[in-house]
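> Sequence first, then the predicted structure, then my questions.
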Amino acid sequence: MMNLNQAVVLITGANRGLGLAFAKEALTRGAKKVYAAARNPASIQLEGVVPVQLDVTSAAEVQRVAQELGDVTLLINNAGVAETGPILGDNAVDMIQRQLEVNLYGPLRLSQAFAPVLKANGGGAIVNVLSIASWITGPLLATYSVTKSAAWSMTNALRQELAAQHTQVLALHVGFIDTDLTKGMEVPKVTPEFVVQRTYQGLEQGASQVLADEPTQQVHAALSGYPDIYLNALPQHG
Ligand SMILES: NC(=O)c1ccc[n+]([C@@H]2O[C@H](COP(=O)([O-])OP(=O)(O)OC[C@H]3O[C@@H](n4cnc5c(N)ncnc54)[C@H](OP(=O)(O)O)[C@@H]3O)[C@@H](O)[C@H]2O)c1
């Protein structure tokens, strides 16, 4: 079980969007230290955090950060990218490869590098930011979905393998959030702050999974129903 007020938190992609909201709320909840990681550390404007340079696609940078930040107890794998386009598009393979680098291999590299750190600090926790798109897809988010499904599976394996060292692994699933990533999408969105509250609440309660918003809860509930919910497209126009 994780208490934010005793945590040393590392958040990837903390310069904007959901990552920035994670950093702000960690400070509000009295975290001992907040490492705010970004590709460009100069883009970290938030007072009270320790800026860290980290491109999650660089194995060397991930190694360096894991060696330098030996006090981390909570790793939030938030950095992510979404490219839009159909699965039968000419460039779908390239799109999936690019997104896998950030959305799957990034969190995997960080989890591998920080597992010993978390263990040394008593177990700690990892939050992986997944999506409603781990379970249901749509025409725009087809290739992104592939990567978020893969990241879900990776998260489940991680949880099993880290149980012995008492590391809590939390999968955050959520639908549309009002950030740059959904700019121009005419759909109902929740705020990053709402998602962060739900996530930290779940973390402090020892949860393995948080379904942050209603659409995600509905899709999750419908997964065992008939006809299968994932035969439908994720509505992307409000
Ligand atoms: N918005 C949604 O509707 C939604 C829904 C479900 C899940 N999510 C997930 O939530 C997470 C945060 O997304 P967001 O909505 O906050 O998007 P966002 O506003 O576009 O922010 C994405 C963040 O990821 C960072 N990033 C991208 N590539 C990176 C790399 N190679 N190394 C390090 N950082 C990198 C970006 O840094 P730069 O500023 O350097 O680009 C930025 O800080 C993502 O995992 C996303 O898939 C979002």
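Good, I have the coordinates.

> Please point out which parts of the longest helix belonging to the chain sit buried.
What stands out as the longest helix in the chain, according to DSSP state H, is helix 142-162. The neighbour-count criterion (16 or more other C-beta atoms under 10 Å) identifies 142-152, 154-155, 158-159, 162 as the buried residues of helix 142-162. (C-beta placed from N, C-alpha, C; glycine too.)

> right, and the helix or strand after it?
strand 168-173 (DSSP states H and E).

> For the residue minimising distance to the centre of the chain, which residues are in contact?
Centroid-nearest residue in the chain: Val129, 1.8 Å away (criterion: C-alpha atoms, centre = their mean). By C-beta atoms under 8 Å, 6 or more residues apart in numbering, the residues touching Val129 are 18, 76-78, 80, 172, 174.

> what subset of the residues you listed is also close to the ligand?
18, 78, 80, 174 (C-beta under 6 Å from any ligand atom).

> sec struct for the first one, please.
Spelled out, that is Leu18. Here Leu18 is recorded as helix under DSSP: H, G, I helix; E, B strand; the rest coil.

> My guess is it contacts Thr182. True?
No - the pair Leu18 and Thr182 does not pass the contact test of C-beta atoms under 8 Å, sitting 10.8 Å apart.

> higher neighbour count, the two?
Between Leu18 and Thr182, counting by other C-beta atoms under 10 Å, Leu18 is the more crowded of the two (27 against 16).

> If I look at that one, what pLDDT would I see?
What the model reports as pLDDT for Leu18 is 98.

> Ala233 now?
The model reports Ala233 with a pLDDT of 81.

> Kindly report the same for Trp152.
98.

> quick one: contacts for the nearest residue to it once chain neighbours are set aside?
Excluding the flanking residues, the one nearest Trp152 by C-beta to C-beta, 6 or more residues apart in numbering is Ser134, at 4.0 Å. Ser134 makes contact with 145, 148-149, 151-152, 173, according to C-beta under 8 Å, 6+ apart.

> Please apply the same query to Ala36.
Contacts of Ala36 by C-beta under 8 Å, 6+ apart are 11, 14-15, 19-20, 23, 44, 46, 49-52.

> May I ask you to confirm that it belongs to a strand?
Yes - per three-state DSSP, Ala36 lies within a strand segment.

> start the count at 52, not 1, going forward
Shifting the count to begin at 52 puts that one at Ala87.

> how about the helices in this structure?
68-79, 110-119, 143-151, 157-171, 193-213, 243-255, 265-273.

> Which of those has the highest mean neighbour count?
helix 68-79 (a mean of 23; mean count of other C-beta atoms under 10 Å).

> From the contact counts, what lies against it?
With contacts taken as 3 or more C-beta pairs under 8 Å, 6 or more residues apart in numbering; DSSP states H and E, helix 68-79 sits against strand 59-62, strand 84-89, helix 243-255.

> Nearest to the ligand, out of the ones you listed?
strand 84-89 (5.7 Å; C-beta to the nearest ligand atom).

> what residues are up against the residue nearest to Pro137 when sequence neighbours are not counted?
Nearest residue to Pro137, sequence neighbours excluded (C-beta to C-beta, 6+ apart): Ala193, at 5.6 Å. Residues near Ala193 by C-beta under 8 Å, 6+ apart: 136-138, 143.

> gap between Ala193 and Lys240?
20 Å (C-beta to C-beta, to the nearest Å).
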